[in-house]
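In: the following block contains a protein sequence and its predicted model.
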Amino acid sequence: MSGIKRRLPPEESRLAALEAARILLIEAGPQAVTLKAVAARIGRTHANLLHHFGSAAGLQRELAAHLAQTVCSTIAEAVRASRAGLGSPRKVVDLAFDAFDKEGAGALASWMILTGNEDALTPIVETIHALVDEIAIDEAAHRGGMAVHEDTLALVLMAMGDALIGKALSRSLGLSETAARDRAQTMLERALERTG
């Protein structure tokens with residue numbers, strides 16, 4: 001009986017919906033992340049997603065949290081590897097920039113602001129804050145915890161701006177498309193030199 005849908009445990013169903021929403025975000029932009037589109041993508045009903053997320057805004061808020069958690073976990077691993085001499089500042093920069101560009105976090109954040117759903121950004125901000133606090137604990141003795149916060153603010157703002165207008169602005173200024181990433185890498189390398 002292949003026509004019968006297997007009932008998924010609630011958490012598995014939520015994760016399937018969030019992954020489908022992430023793929024829709026990357027493929028078609030934030031306006032495509034609707035309950036109906038996500039339900040169709042995973043073979044569930046609109047009502048099923050309403051049960052899990054409450055509304056399209058709830059789905060988008062959960063997607064923002066999901067993206068933030070995934071991205072911050074990856075960045076945290078890269079930072080730890082960099083400290084252990086197994087990674088590089090460029091890897092950290094590329095992960096942050098890719099999260100906002102290729103993974104769609106920049107487009108999602110812009111969409112949330114434009115549609116008045118700014119509270120959906122809260123999970124992104126809180127997850128980044130938690131990551132920075134974790135990193136700052138290790139570095140506080142070297143240069144003060146706030147320096148890590150300042151570097152993270154600069155990195156996130158650069159990554160967000162680059163995702164939104166970086167390529168066009170770089171072209172208009174006669175710079176390479178990687179100019180913002182290159183500048184962010186230099187910033188992180190200087191920060192590491194100060195801690196050494």
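Out: Done, it's in. What you see is a predicted model; the values in this text were computed from it and never measured.

In: lowest-confidence helix or strand of the protein?
Out: One helix or strand of the chain scores below all others by mean pLDDT, DSSP states H and E: helix 122-143, with a mean of 68.

In: report pLDDT for Gly43.
Out: Per-residue confidence (pLDDT) for Gly43: 90.

In: select the longest helix from the chain.
Out: helix 56-83 (DSSP state H).

In: go through it and flag the buried ones.
Out: 56, 58-68, 70-72, 74-76, 78-79, 82 (16 or more other CB atoms under 10 Å). The way it works is simple: take the backbone N, C-alpha and C, and place the C-beta from them, glycine included.

In: and it, what does it pack against?
Out: Counting contacts by 3 or more CB pairs under 8 Å, 6 or more residues apart in numbering; DSSP states H and E, helix 56-83 packs against helix 10-28, helix 35-42, helix 46-53, helix 89-100, helix 105-114, helix 122-143.

In: where in this protein is pLDDT low?
Out: 1-8, 120, 135-146, 194-196 (pLDDT under 70).

In: OK, contacts around Ala68?
Out: The contact partners of Ala68, by CB atoms under 8 Å, 6 or more residues apart in numbering, come to Ala105, Pro123, Ile124, Glu126, Thr127, Ile128.

In: quick one: it from Ala28, how far?
Out: In this view, Ala68 and Ala28 are 21 Å apart by CB to CB, to the nearest Å.

In: name the SS class of Ser176, please.
Out: What DSSP: H, G, I helix; E, B strand; the rest coil gives for Ser176 is coil.

In: tell me the spacing between the closest residue to it other than its chain neighbours and Asp162.
Out: Of all residues not flanking Ser176 in the chain, Ser170 sits nearest, at 6.5 Å (CB to CB, 6 or more residues apart in numbering). Ser170 is 8 Å from Asp162, where distance means CB to CB.

In: buried ones in the very next helix or strand once past the least confident helix or strand of the chain?
Out: Later in the chain than helix 122-143, the nearest helix or strand by DSSP states H and E is helix 145-161. Neighbour counts using 16+ other CB under 10 Å place Gly145, Ala147, Val148, His149, Asp151, Thr152, Leu155, Val156, Met158, Ala159, Met160 of helix 145-161 among the buried residues.
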